[in-house]
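Peer 1: sharing a sequence plus its predicted fold:
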2 protein chains.
Amino acid sequence: MKALLIVGDGMADRSIRKLGNRTPLEAAKKPALDKLAALGINGIVDIIAPGIPPGSDTAHLSIFGYAPFEVYQGRGVFEALGVGLEVKPGDIAFRCNFATVDDGLNVIDRRAGRIEGGPAEELAKSLRNLKLDEYPEVEIIYKHSTEHRGALILRGLGLSRMVCDSDPEEAAAQVQVVKPLDNSREAAKTAAILNKLTHMSHKVLEKHPVNMQRRSKGLLPANILLFRGASGLPQLESIASRYKIKAACIAITAIIRGVCISAGFKPINVAGATGTVETDTIAKGRAAVEALENYDLIFLHIKGADNASHDGNLEQKIRMIEKIDSMVGYLLDKIDLKETYIALLADHTTPLSVRNHTGDPVPIAIAGPEVIRDDVKRFSERDCAKGGLGRISGKDIMPTLMNFLGKQKKYGA
Amino acid sequence: MKALLIVGDGMADRSIRKLGNRTPLEAAKKPALDKLAALGINGIVDIIAPGIPPGSDTAHLSIFGYAPFEVYQGRGVFEALGVGLEVKPGDIAFRCNFATVDDGLNVIDRRAGRIEGGPAEELAKSLRNLKLDEYPEVEIIYKHSTEHRGALILRGLGLSRMVCDSDPEEAAAQVQVVKPLDNSREAAKTAAILNKLTHMSHKVLEKHPVNMQRRSKGLLPANILLFRGASGLPQLESIASRYKIKAACIAITAIIRGVCISAGFKPINVAGATGTVETDTIAKGRAAVEALENYDLIFLHIKGADNASHDGNLEQKIRMIEKIDSMVGYLLDKIDLKETYIALLADHTTPLSVRNHTGDPVPIAIAGPEVIRDDVKRFSERDCAKGGLGRISGKDIMPTLMNFLGKQKKYGA
C-alpha cells in the first residue's frame, strides 16, 4: 500500500461576488478533482489552527505532522536546504534577496527589477568564497536559487539565530542594521558578521560588469544582498524513520523543497517543473507515478495557484486549477486506487481579495482502497465541508495516511 | 471590514418532549435568525470543551479567545469591573450578596427577599468607607450593583485570593467562616479580614432603618453581606492590542461586562437595557449599529433567555428568543453584510429541564462579505450542526472573525 499526497498551493479561496458567490475551485472546470472527491472521503482542514494564516513553511511542517509552534525557527534553513545546500547542526541559514539600493542604502527595489536567472548567477559567482578578515573561522556559503532569490549559511562556532533581518521588507526604507535579539555574545557576533556582509555585498556587486551592463540598459542593478529568516536546523524526526517508509518529494519552490528535505523526503527533479504557473504539471504527474514504484509515499507540490492569488489574477488562478485537474486526471488514469491512496488538499487559503495567506480551512479529498466514501461529488471548500472526514487539523493528515498504509503503531496493548 | 458578535445568553437547549422533541429555538418564530443562518456559514461550538458546562465568565473568556483553564481565577474580579470599580494588580475582588440571616448567622434567604435597587442602595451607603482597626493599611471598597448584588475589593499589600467563600450557596446553612486555602501569611490575613467584614456588615445592617422598615412590612431584612469568588486581576492581553482593533461591548450583566472590560472592550451604556427579559433589545441593536461607526468589533450580549431557563419558564424563553429575533431583524435591515460580519451564538446551553448551564455544544451562524454559504436554512442546535463550519471550539471564534477582518498575522513565511 502506497500513498501520493498532493498540495495545490494556495488553491483554496473565499466566496467571490463576481463569480456568483462561488470560489475559483467552484468556477473552474475540474472533472478529475471532482472524480477524486466522488471516489473518496472528504473534509476540511485547519492547517495550523482555525483562523491562523500559515506561512508556506509552517503549513508544510504541519501537513507533515510536526507542531510548527514547537519546531519552527524561521524560513532561512528551508531556503538553504531547498537550494541544495547542506545545513549542519550549529549552522545559521538565511533567505537572501538581490536588491537595488541607492548610495544611502535605501531600498529602491527589493527584487532588483526581478533580475533573471543568468545575470543573477553571474553575480552570485562574485559572492563565492567570501571571507571576513575579522572572523576567519566563520565559513560563509552563498547559493543563488531563481531570479533574485538565494540562501546564505554561516558556519562556525559561536553563532546564533537570534538576530533580526537586514531586509526591511518594504521599498523606500533603508537596509536595516542587523541587531541581536538577545544579550548573548553569539547573537552580537552573528549580527556583526551580517552587517559586514551587507557592506561587502554592496561593494562587490555595485561595480560588477553585470550591473554596469544593466544600468546601461536602463535596468535596476542588483547591488546588495538582503538577509532574513535566520534559523538553525530544527530537530525533526524524519518521516522515513518515524513511519519506517521510503518517502520522496516533487517540489520545486525552494522553501517547500527545504521543508520536505528537513522532514526526510528525498527530492526528485523533474524537467519542465518551474514552480510557477508555467510549470509542466503532467511532467510532475509522470514523475510521481514513476516514483511510486520505489517509494511508499510521494509528496507532490504544485505552486502556481498561489502565485496567481498573490497577483490577484482570477483567470490565471482558474487556469492553474484546471492544469492541476489535468494532472490529477492523468494520475487517476495511471494509479490503481486499489493499491494506492491519493490525498489532495491546499496548504492554505490565498483569497484573491486578500492576495495573501489567510487562516480559513481548506478542502481535502482522500481516495484509495479502503476509504469509506461519502456523498461529496465535487472538490471545493463548500462541498468538502459536508464530507465524512469532518473538520480536521493539518497535523492529523500524516497519521491518517500512515494509518491507511498500516504504518502506525498501536498505542497501548 | 467590521464585525458584530452577538451572544444570546443560555439560548440553546435540548430536545423537549412536550415541544414534539424540538428545542425552544426550533419552536420559536424567528425569521431573522433563520435568515442570518441562510445567508451565512453555520456550525456548533464547544464553548470550553465537549461536556464541560461553562460559567458565564469562563464562557466569555473562551469566546474572546482566552484559555479559561489558564487565566481564570474566580468571578469576583469580573463582578467588580462590571459594576464600574477599577481593579488594580494586587487587589482581591469578590462578588457579594445581601442576604438574610438569623441571630445564629444561619442563612434564611441568600438574596434577602430579592431586595430591590432603591433600598439596597440605601443600605450600601452604610457600607461605604469601611475600615478595620486591625488592618488600617487595607482599603475596603464596596459597590452595589442591582437587587441583592454587589462587589467588594480589598486593596493593600500582602493579600491573597486563596480563601474560600463565606457564602454557603444554600439556604438554612450557616454563613461560612472564611478559611485560607494555602499556608501563606497572605491567605490567613485575607481570611481574617473577610471574617471581620462578615460580622461588621451584620452589625451595621441589622439595625439599619431600611431593614427596620422592611421587617415592619413583613419583608426579609438584608442584614449581612456574603462573599464569594475571590480573585485577582488576570493578565489578559487585550483584544485591542492583540488584533490592533477598536472594540466595544454592549453588556449590562455585571459579570459579562466585567469579562469584556478585562479583555479590553470599551463598555457602551444603553438606556432601556436591563439584563433581564424586560430588556429593550431594539435599543441595544440601535446602539450596536451606531457603535459600528467608530469600532471594528462590537460585542452585544442579551441575557434574558438564560434567566428564563434558570426559572424553567418555557414560554418566557421562547418569548425572549423572539425578542432577540426582532433585534437581529433590525440589525439585518441596518447593517450591510457586504462590509460587516455578523456572528451569533449562545454562550452555553441552559436546558429548561436542568435550570442550569450544561456542556452541550451551541449553534453559531456567521454571515458577511466573503463567507462560503452552506445549506443551513434555520438557526437551531440541530440545523447548525449540518453547517460548513463543522464543530469548532469557543477559543476559535475570535481568530475566525479576525481572520475574516484581515487582522490575523501570518505565522511563518
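Peer 2: Now that the structure is in, tell me what you want to look at.
Peer 1: only C-alpha atoms from now on, for both contacts and neighbour counts.
Peer 2: OK.
Peer 1: point to the residue nearest the middle of chain A.
Peer 2: Here the mean C-alpha position of chain A is nearest to the C-alpha of A:I256 (Cα atoms, centre = their mean), at a distance of 2.9 Å.
Peer 1: contacts only, for the residue lying closest to that residue once chain neighbours are set aside.
Peer 2: Taking Cα to Cα, 6 or more residues apart in numbering or on different chains as the measure, A:I256 lies nearest to A:D57, with 6.3 Å between them; neighbours along the chain are not counted. A:D57 makes contact with A:R75, A:F78, A:I255, A:I256, A:V259, B:G412, B:A413, according to Cα atoms under 8 Å, 6 or more residues apart in numbering or on different chains.
Peer 1: tell me the confidence at the residue nearest to the centre of chain A?
Peer 2: Confidence at A:I256, expressed as pLDDT, is 97.
Peer 1: wait, it sits on A:F78?
Peer 2: Yes - under the contact definition of Cα atoms under 8 Å, A:I256 touches A:F78, with a separation of 7.2 Å.
Peer 1: hmm, back to that, ok, now how distant is the residue nearest to the centre of chain A from A:F227?
Peer 2: Here the criterion is Cα to Cα, to the nearest Å. By it, A:I256 lies 19 Å from A:F227.
Peer 1: which SSE is immediately downstream of the top strand by length along chain A?
Peer 2: Using DSSP state E to define each element, chain A has its longest strand at strand A:92-101. Beyond strand A:92-101 on the C-terminal side, the first helix or strand identified by DSSP states H and E is strand A:107-109.
Peer 1: what packs against that next one?
Peer 2: In this structure, strand A:107-109 makes packing contacts with strand A:92-101, judged by 3 or more Cα pairs under 8 Å, 6 or more residues apart in numbering or on different chains; DSSP states H and E.
Peer 1: ok, the strand it packs on near chain B or not?
Peer 2: No - for strand A:92-101, no contact with chain B is found by Cα under 8 Å from any Cα of the partner chain; the gap never falls below 10.4 Å.
Peer 1: list the neighbouring strands of that strand plus their orientation.
Peer 2: Using DSSP bridges, the strands paired with strand A:92-101 are strand A:107-109 (antiparallel), strand A:149-155 (antiparallel), strand A:224-231 (antiparallel).
Peer 1: dump those strands to JSON lines, plus distance to B:T198 and mean pLDDT.
Peer 2: Putting those into JSON lines (distance: least, Cα to Cα, whole Å; pLDDT from 0 to 100) gives the following:
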{"stretch": "strand A:107-109", "distance to B:T198": "69", "mean pLDDT": "95"}
{"stretch": "strand A:149-155", "distance to B:T198": "68", "mean pLDDT": "97"}
{"stretch": "strand A:224-231", "distance to B:T198": "59", "mean pLDDT": "97"}
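Peer 1: which of these sits closest to B:D296?
Peer 2: Nearest of these to B:D296, taken as Cα to Cα: strand A:224-231 at 32.1 Å.
Peer 1: still on that earlier bit, who wins on neighbours among the contacts of A:D57?
Peer 2: Each of the contacts of A:D57 was scored by neighbours using other Cα atoms under 10 Å in any protein chain shown; the highest score is A:F78's, at 31 neighbours.
Peer 1: which helix or strand contains that residue?
Peer 2: Per DSSP H and E, the secondary structure element for A:F78 is helix A:76-82.
Peer 1: what about stretch A:307-321, how long is it end to end?
Peer 2: Taking Cα to Cα, the first and last residues of stretch A:307-321 lie 12 Å apart.
Peer 1: if you could redo that for stretch A:309-318, that was the one I meant.
Peer 2: By Cα to Cα, the extent of stretch A:309-318 from end to end equals 10 Å.
Peer 1: and if you look at stretch A:223-242?
Peer 2: With Cα to Cα as the measure, the ends of stretch A:223-242 fall 45 Å from one another.
Peer 1: roughly how far is that stretch from the heart of the chain?
Peer 2: Distance of stretch A:223-242 from the chain centroid (Cα atoms, centre = their mean, to the nearest Å) equals 12 Å.
Peer 1: go on, stretch A:152-165?
Peer 2: Relative to its chain's centre, stretch A:152-165 lies at 22 Å (Cα atoms, centre = their mean).
Peer 1: near chain B, which residues of the stretch 1-150 of chain A are found?
Peer 2: The stretch 1-150 of chain A has residues A:14-16, A:21-22, A:50-58, A:72, A:74-75 near chain B, with proximity defined as Cα under 8 Å from any Cα.
Peer 1: please redo it, this time with the cut-off set to 6 Å
Peer 2: Within the stretch 1-150 of chain A, the positions lying close to chain B (Cα under 6 Å from any Cα of the partner chain) are A:R14, A:S15, A:P50, A:G51, A:P53, A:P54, A:G55, A:S56, A:T58.
Peer 1: tabulate those residues (JSON lines), appending neighbour count and secondary structure.
Peer 2: Written out in JSON lines, the entries for these read as follows (neighbours: other Cα atoms under 10 Å in any protein chain shown; DSSP: H, G, I helix; E, B strand; the rest coil):
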{"residue": "A:R14", "neighbour count": "25", "secondary structure": "coil"}
{"residue": "A:S15", "neighbour count": "21", "secondary structure": "coil"}
{"residue": "A:P50", "neighbour count": "23", "secondary structure": "coil"}
{"residue": "A:G51", "neighbour count": "26", "secondary structure": "coil"}
{"residue": "A:P53", "neighbour count": "29", "secondary structure": "coil"}
{"residue": "A:P54", "neighbour count": "27", "secondary structure": "strand"}
{"residue": "A:G55", "neighbour count": "22", "secondary structure": "coil"}
{"residue": "A:S56", "neighbour count": "22", "secondary structure": "helix"}
{"residue": "A:T58", "neighbour count": "29", "secondary structure": "helix"}
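Peer 1: can you put the residues you listed in TSV and add pLDDT?
Peer 2: Below are the residues of the stretch 1-150 of chain A next to chain B laid out as TSV (pLDDT from 0 to 100):
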residue	pLDDT
A:R14	98
A:S15	98
A:P50	98
A:G51	98
A:P53	98
A:P54	98
A:G55	98
A:S56	97
A:T58	98
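Peer 1: identify the farthest-apart pair in those.
Peer 2: Of all pairs in those, the most separated under Cα to Cα is A:S15 and A:T58 at 25.1 Å.
Peer 1: contacts for the helix holding A:F78, please.
Peer 2: Contacts with helix A:76-82, where a contact means Cα atoms under 6 Å, 6 or more residues apart in numbering or on different chains, come from A:A93, A:F94, A:R95, A:A151, A:G229, A:A230, A:S231, A:A254, A:I255, A:R257, A:G258, A:V259.
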